[in-house]
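# Model the structure of this input:
(one chain, ligands or ions: 1)
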Amino acid sequence: MIAAARFLKHHLHQASTTVNDTVGELMFAFLQYNWLHLLLVEEVSMSLHPKPVSRVPEATARVARAAFPKGNAYLTLRDELETIYTDSQFAPLFSHRGQSAESPWRLAVVTVLQFAEGLSDRQAADALRSRIDWKYLLGLELEDPGFNFSVLSEFRDRLIAGQMEQKLLNLLLERFRGRGLLRARGKQRTDSTHVQAAIRNLNRLELVGETMRHALNTLAVSAPAWLKTRVPSEWYERYGPRFEQSRLPKTESERDQLALQIGQDGWQLMLWAYAPEAVQKDAAVEILRRVWVQQYYIQEEAIFWRKSDNVPPSERAIHSPYDLEARFSQKRQTEWLGYKAHLTETCEDDRPNLIIHVETTQSTVQDEQVTDPIHQALAAKDLLPKEHLLDRGYVDTNILSDSQEQHGVEVIGPIKVDTTWQAQSGKGFDVSCFTIDWEQLRVTCPRGQVSQVWGDSKDRTGNPRIYVRFAKKSCRACPVRADCTRSAEGPRTLSFKPRPQYELLQWARQREHTQEFKDRYAKRAGIEGTISQGTRSFGLRRSRYIGQAKTHLQHILIAVAINLARFVDWINQVPRAATRTSAFAALAQV
Ligand code: SF4
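Numbering: from 1, shown residues only. Okay, the predicted model is just below:
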């Protein structure tokens, strides 16, 4: 017990000065390893004997043709592609021994169809049994009973454990490439959208209460006897029901008191759990510890509830014990708890627009952090574009230059705006109003004064900057000082990027105002339609699953479903949907 107290106290003490939860990450990784290990052990009992994709049975084909005399999207897919996947492509997910697994190519297609139609696992298993168009696409006999719905969930777990989720999209892209619908070095565009995690957004009090409930509920299953001999009777009342705002105390002091009580209870539970020979390896206890590190600290043998200015930043803050990776973020008027989906698609006039890459990140990851990973992923698929149309958030000077130098990709997108008040006010002297002499290392201001100090500095992320300062005396006497600096007494200072990036930045800003840029950039807007299609028809903005890995799998499946729908439209020569004009707006064009 003493050793466990020391262990916990040490880490909670550490957290009172820093929220870095390195030990927690390591332990969590250990637990994840165990989970994967369990999955692999289970995998040994499922074997795969790959079979070639057979023809559609005669009776199935006859009934399907009779049911859909004018055709059907799934019949078209089968006739045009025969199959998207084969069993052998999924062989690494299965053993050679043990109980025979369901055909993975069929499981993969059913998983895609689920997202094409928004079906649950049970509904998908029922559709496989009852729908003739599904049977035709999957080449099944009319009498085929399908499989139990639970097989789908297990297949998704296998895909993630085997890191094969990207393969679902990449294999389809290879088929499209073989048909000449896809080529490298064309035009592509990327944009992102917010994705709500499959959890409730909890306030801090609900979070600690629910984390405690989660730990107790888990231990009640994994170690019921151990738990029952320890917990006081009042815990059953306190942690039995869900923690919901409506049930919580209304006054601030009562809420603080409850938060402290929960903190002490959680601390006690961890003391029991981390004692030698106890249940310390239970994942729920580890989650409890990670949340307590973020919400409480220990000082002089007492536990304290952190003030709101002493909690982790959004990038690290856990918001629910049920999804540790979901993060809270805000973009303009949109606030959400979860993830971001980044879709990259082709946009060429003579080919269908196909989604060729999907990234899923935590919601707090900035778009510009994803540009290079996207280019690297496209390079690995041999699908790098010649021109990449990107929103402002994805573009900075490093990305402009690195994309060209490392990947031969021309990034077309507006660069981040100058956020200094001088640039924003419209009449102030921003950096573009000054003349920089790079050889002499000096700057001349709009009033003809020459800078006094030129030095090296760094920005918040450690990138090099040039720092320049003018003479105090000349700035004080300047008649246009109000347009130049807001300092009461001090001189004007400037900070800008080193010469190559600075000149690139100025070039990029000027480029945005040219008609040629506007004409080329206009095509980027089309990705909004894809995101709208993904959201309205395929549930892109709402995660069905817990955690980033499964949410990413969902996004891949949606991308495959959208691509298949577009392929069928292309085969059937359905014109691309144009941007709708309202009746009133159309009146203006008459
Ligand atoms: S305030 Fe200083 S730097 Fe700015 S215009 Fe006047 S003299 Fe030049």
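# how close does the residue in the stretch 251-400 of the chain that the ligand sits nearest to sit to Trp292?
Ranked by Cβ to the nearest ligand atom, the top residue of the stretch 251-400 of the chain for proximity to the ligand is Thr397, at 24.7 Å. Where you see a C-beta, it was placed from the backbone N, CA and C, and this is true even at glycine. Noted for Thr397: a distance of 43 Å to Trp292, by Cβ to Cβ, to the nearest Å.
# Low-confidence ranges, the stretch 51-200 of the chain, go.
Applying pLDDT under 70 to the stretch 51-200 of the chain flags residues 96-98.
# Please enumerate the strands of it.
When secondary structure is read from DSSP state E, counting those that start in this stretch, the stretch 51-200 of the chain shows strands at 99-100, 187-196.
# which stretch among these comes nearest the ligand?
For the strands of the stretch 51-200 of the chain, proximity to the ligand was assessed by Cβ to the nearest ligand atom; strand 187-196 is nearest, at 39.4 Å.
# CA atoms of the closest one as PDB?
Written as PDB, here are the backbone C-alpha positions of strand 187-196 (Å, rounded to 0.1, in the frame of the first residue of the first chain):
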ATOM      1  CA  LYS A 187      -4.800  18.400 -60.500                       C
ATOM      2  CA  GLN A 188      -5.900  17.700 -56.900                       C
ATOM      3  CA  ARG A 189      -7.600  19.600 -54.100                       C
ATOM      4  CA  THR A 190      -7.800  19.000 -50.300                       C
ATOM      5  CA  ASP A 191     -10.000  20.300 -47.500                       C
ATOM      6  CA  SER A 192     -10.900  19.300 -44.000                       C
ATOM      7  CA  THR A 193     -14.100  19.100 -41.900                       C
ATOM      8  CA  HIS A 194     -14.900  18.600 -38.300                       C
ATOM      9  CA  VAL A 195     -15.900  15.200 -37.000                       C
ATOM     10  CA  GLN A 196     -17.900  14.800 -33.700                       C
END
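# Kindly report the residues of the protein close to the ligand.
Residues of the chain found near the ligand (Cβ under 6 Å from any ligand atom) are 429, 445-447, 449, 470, 474-475, 478, 480-481, 484-485, 492.
# Off-centre distance for stretch 417-427?
Taking Cα atoms, centre = their mean, to the nearest Å, the mean C-alpha location of stretch 417-427 is offset from the chain mean by 32 Å.
# With stretch 516-535 instead?
That offset, for stretch 516-535, works out to 20 Å (Cα atoms, centre = their mean).
# avg pLDDT for that stretch?
Per-residue pLDDT over stretch 516-535 has a mean of 95.
# now the strands for the stretch 451-590 of the chain?
Ranges of strands in the stretch 451-590 of the chain, per DSSP E, counting those that start in this stretch, are 453-458, 464-469, 493-496.
# Next, format those strands as CSV and append mean neighbour count and mean pLDDT.
Below are the strands of the stretch 451-590 of the chain laid out as CSV (neighbours: other Cβ atoms under 10 Å; pLDDT from 0 to 100):
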stretch, mean neighbour count, mean pLDDT
strand 453-458, 11, 95
strand 464-469, 17, 95
strand 493-496, 16, 94
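# farthest residue from the center of this structure?
Farthest-out residue of the chain from its mean C-alpha position, per Cα atoms, centre = their mean: Ala477, at 52.7 Å.
# Can you give me the pLDDT of that one?
pLDDT for Ala477: 92.
# burial count for the spatially closest residue to Val53 that is not a sequence neighbour?
Leaving aside its chain neighbours, Val53 sits nearest to Thr83 (4.3 Å; criterion: Cβ to Cβ, 6 or more residues apart in numbering). Applying other Cβ atoms under 10 Å, we find 19 residues neighbouring Thr83.
# so Thr83 touches Pro52, yeah?
No. The pair Thr83 and Pro52 does not pass the contact test of Cβ atoms under 8 Å, sitting 9.6 Å apart.
# Tell me the pLDDT of the residue nearest the centre of the chain.
Nearest residue to the geometric centre of the chain (Cα atoms, centre = their mean): Thr361, 2.4 Å. With respect to pLDDT, Thr361 scores 98.
# Tell me who's in contact with it.
Residues in contact with Thr361 (Cβ atoms under 8 Å, 6 or more residues apart in numbering) are 339-340, 342, 369-370, 548.
# Quick check: phi and psi at it.
phi -130, psi 170 (degrees, to the nearest 10).
# how close does it get to Arg481?
According to Cβ to Cβ, Thr361 stands 44 Å off from Arg481.
# cool, and Ala379?
Look at Ala379 and Arg481: by Cβ to Cβ, they are 51 Å apart.
# Same check on Leu159?
64 Å.
# which residue packs closest to the residue in the stretch 301-450 of the chain that the ligand sits nearest to, ignoring adjacent ones?
Relative to the ligand, the nearest point of the stretch 301-450 of the chain is Cys445 (3.2 Å; Cβ to the nearest ligand atom). Closest residue to Cys445 apart from its sequence neighbours, by Cβ to Cβ, 6+ apart: Phe434 at 5.6 Å.
# Quick one: neighbours of the one you found, just the number.
18.
# Please apply the same query to Thr444.
Thr444 has 14 neighbours, counted by other Cβ under 10 Å.
# List phi and psi for it.
Torsion angles at Thr444 (phi, psi; degrees, to the nearest 10) stand at phi -110, psi 130.
# Quick one: residues contacting it.
Thr444 makes contacts with 434-435, 437, 450-451, as judged by Cβ under 8 Å, 6+ apart.
# Repeat that for Arg486.
With Cβ under 8 Å, 6+ apart, Arg486 has these contacts: Trp421.
# hang on, the earlier thing: quick check: the residue of the stretch 301-450 of the chain closest to the ligand vs Gln510, distance?
As for Cys445, its distance to Gln510 is 21 Å (criterion: Cβ to Cβ).
# Which one's more surrounded, the two?
Neighbours per residue (other Cβ under 10 Å) separate Cys445 from Gln510, with Cys445 holding more: 21 against 11.
# just checking, that one touches Thr485?
No. Look at Cys445 against Thr485 with Cβ under 8 Å: they stay out of range, at 10.4 Å.
# Can you tell me which of the contacts of Thr444 lies closest to Glu405?
Among the contacts of Thr444, Asp437 lies closest to Glu405 (Cβ to Cβ), at 27.2 Å.
# And the residues of the chain next to the ligand, which of them are buried?
Using 16 or more other Cβ atoms under 10 Å as the burial test, these include 429, 445, 447, 449, 470, 474-475, 478, 481, 484-485, 492 as buried.
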